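Fold the following and give me the result.
(one chain, ligands or ions: 3)
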Amino acid sequence: MSLNTMITATFVLVFVIWAGVAFGSPEESLLVQNLFTDAQYDKYIRPAPRFDVAIYVNFSLGLNVLLDVDEKSQTITLSCHTDQEWIDMRLLWNPANYSGLTEVVVPADWFWRPTIILSNAADGDYYVPRGREILLDYTGRIKNNPPAIFKIACKMDLEKFPFDVQRCTLKFSVWQYATDKILFSPSQDTVAMWSNTQSSEWYIDETSVIGSLYDHNNKSWGKISATFTLRRMPLYYLINIVLPCVVMALLTVLLFLLPSDCGEKMSFGVSILISISVFTLLVADIMPATSDSVPLIMRFLIFDLVFVAGSIVASVFVLRVHHRSKGNLSIKPWMRKLFMVCLPYCLFMEPKTKLSKVRNCQAEIKKSLPNMEEEGKHQTSQLSVFGYESSEPGNKKVQLPPYDAYVDQLREMRNEMNRQNEKDQRHDKEKEMEDDWKYMATVMDRLFLVIGLLAYIMALILMYNETQ
Ligand SMILES: *[C@@H]1O[C@H](CO)[C@@H](O)[C@H](O)[C@H]1NC(C)=O
Ligand SMILES: *[C@@H]1O[C@H](CO)[C@@H](O)[C@H](O)[C@H]1NC(C)=O
Ligand SMILES: *[C@@H]1O[C@H](CO)[C@@H](O)[C@H](O)[C@H]1NC(C)=O
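Numbers count the residues shown, from 1 in each chain. Ligands and ions are numbered 1, 2, ... in the order given. Okay, here's the model as predicted:
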């Protein structure tokens, strides 16, 4: 290799190095060199003019998305960005000396940065991210707004679920610097919302960012609380749980319209009971295992369950009354008065058509019987005295049976009729008793139907009032 080529290569190398430096924004690199290298910037030292002067660290929160609200573990997860701002006295420059350069973006780990912690984090990640790049301007103001996902513990009051309103607070503080070193203060009094922040399940009613102080170890410490008020949109639960349960409970009322003779009453009621308990399980699955309060929807489901169970019990009684006549029990007078007179009147039911007509008819027959017998006797005697003559002349006399035989026959007929009569009467009485019990069962059915409907509507109104 000749000397010439060596010299050429050296020149090229020097040119390349120089060009590399020169093309990387000379002002910025000069500024960075002046600020950090030449001035021997120490990133572990707080940027205060004196040890007993506190500096401001201003903090605010912006919400990107409400990611999750978990009722069971009582946590919420938010995607946020944190705005941290402070002034570093050591990083001032005159823009005129750097061709008008007013701000520069530099790696964040070149700087002193306060450690901000989220004291109620639920996932063990207490440290608020400190960012990768930081914007620095010529007045020494440092703007650092790294994004972060925060999962916090939030004690939820689910008493009015699904009409509940939750307040969740993120509590930030500065690690190790008390207020004599750092004044940790909010730069805005609400959380900044980005567009599309609203989730489809929760409506963010209001937000607040409040700075406060707390005492610990004879020092006061700054704390910033960012509070979200979240209102649940209940439509999902109304459509998927409440509506089916209302429909099922109203179906239960139909239990009292079902005729007692058809044997489906019990299975109908019990299948509704089972489906409501399935819904209860569904809701219990969402709820945390606390005993603080019973959520409104749970109270509603329990009421539904009790209502259906009550309807089943009532139906059992009605069925019992319906089949009561088998025990040959007659209705007591007060029962008759209550269930055959008063209640049908109150419930706009048709009063019972009695069997008495039939009975009267038979009594009439019975009354007229002796007369008939008398008449018969009379006629027979007449027949026997005067003999029976045919209307046509020349015919022989008809031989008639003797009178006694007639009387015997008649007596037998009469006894037979009496027996038949008694049997009929007994049968009628049984039939009437059976009908009475059945009618009573119908009246009870109607009574329970009205009571059930009224009770259910009242309960719905009460529940509705509680949602307000
Ligand atoms: C921080 O807030 C205080 C008081 O609200 C204010 O005086 C100061 O200029 C703010 N600092 C920054 C860097 O914004
Ligand atoms: C920067 O410019 C000012 C005048 O604008 C001058 O007094 C100062 O010496 C300059 N500093 C440097 C480092 O060049
Ligand atoms: C707080 O201050 C009191 C008196 O001012 C002192 O007795 C106590 O020891 C201090 N506690 C701590 C933790 O410094």
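
Could you point out the longest helix of the chain?
Secondary structure of the chain per DSSP state H: the longest helix is helix 403-467.

And stretch 50-68, what's buried?
Using 16 or more other C-beta atoms under 10 Å as the test for burial, stretch 50-68 gives 54-55, 57-64, 66. For glycine as for every other residue, the C-beta is placed from the backbone atoms N, C-alpha and C.

thinking again about what came up before, from the contact counts, what lies against the longest helix of the chain?
Contacting helix 403-467 under the criterion 3 or more C-beta pairs under 8 Å, 6 or more residues apart in numbering; DSSP states H and E are the following elements: helix 243-254, helix 296-322, helix 343-346, helix 356-386.

10 Å instead, please
When contacts are defined as 3 or more C-beta pairs under 10 Å, 6 or more residues apart in numbering; DSSP states H and E, helix 403-467 sits against helix 243-254, helix 296-322, helix 333-336, helix 343-346, helix 356-386.

on contacts alone, who are the packing partners of the first one?
This means helix 243-254. helix 265-286, helix 296-322, helix 403-467.

Please save the CA atoms from that helix in CSV.
Once non-C-alpha atoms are left out, helix 243-254 reads as follows in CSV (Å, rounded to 0.1, in the frame of the first residue of the first chain):
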residue,chain,number,x,y,z
LEU,A,243,-87.1,-9.0,32.0
PRO,A,244,-87.0,-12.9,31.8
CYS,A,245,-87.6,-13.0,35.6
VAL,A,246,-90.5,-10.6,35.4
VAL,A,247,-92.0,-12.7,32.6
MET,A,248,-91.5,-15.9,34.5
ALA,A,249,-93.1,-14.5,37.6
LEU,A,250,-96.1,-13.4,35.7
LEU,A,251,-96.3,-16.8,34.2
THR,A,252,-96.4,-18.2,37.7
VAL,A,253,-99.6,-16.1,38.2
LEU,A,254,-101.1,-18.2,35.4
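
Now find how far off-centre that helix is within its chain.
15 Å (C-alpha atoms, centre = their mean, to the nearest Å).

Name the residues of that helix that are buried.
245, 248-249, 251-253.

same check, this time on the second one
Across helix 296-322, burial judged by 16+ other C-beta under 10 Å covers 296-301, 303-305, 307-309, 311-312, 314-315, 318-319, 321-322.

so of the helices and strands packed on helix 243-254, which one's packed in deepest?
Neighbour counts (mean count of other C-beta atoms under 10 Å) averaged over each of the helices and strands packed on helix 243-254 peak at helix 296-322, with a mean of 19.

distance of the closest residue to residue 280 other than its chain neighbours from ligand 1?
Spatial nearest neighbour of residue 280, excluding adjacent residues (C-beta to C-beta, 6 or more residues apart in numbering): residue 301 at 4.7 Å. Going from residue 301 to ligand 1 by C-beta to the nearest ligand atom, to the nearest Å gives 51 Å.

Enumerate every residue touching residue 301.
For residue 301, the contacting residues are 241-242, 245, 249, 276-277, 279-284, 294-295, by C-beta atoms under 10 Å, 6 or more residues apart in numbering.

go again using 7 Å as the cut-off
245, 276, 279-280, 283 (C-beta atoms under 7 Å, 6 or more residues apart in numbering).

just for the protein, where's the confidence low?
Counting by pLDDT under 70, the chain contains low-confidence residues at 1-3, 6-23, 195-197, 327-328, 353-401.

residues in contact with the residue of it at minimum distance from ligand 1?
For the chain and ligand 1, the shortest gap (C-beta to the nearest ligand atom) falls at residue 58, measuring 3.7 Å. Residues in contact with residue 58, defined by C-beta under 7 Å, 6+ apart, are 85-86, 185, 187.

Give me the nearest residue to it, chain neighbours excluded.
What sits nearest to residue 58 in space, not counting adjacent residues and going by C-beta to C-beta, 6+ apart, is residue 187, at 4.0 Å.

Need the three-state assignment for residue 42.
coil (DSSP: H, G, I helix; E, B strand; the rest coil).

For it, give its distance to residue 88.
11 Å (C-beta to C-beta, to the nearest Å).

The two: which has the busier surroundings?
residue 88 (22 against 11; other C-beta atoms under 10 Å).
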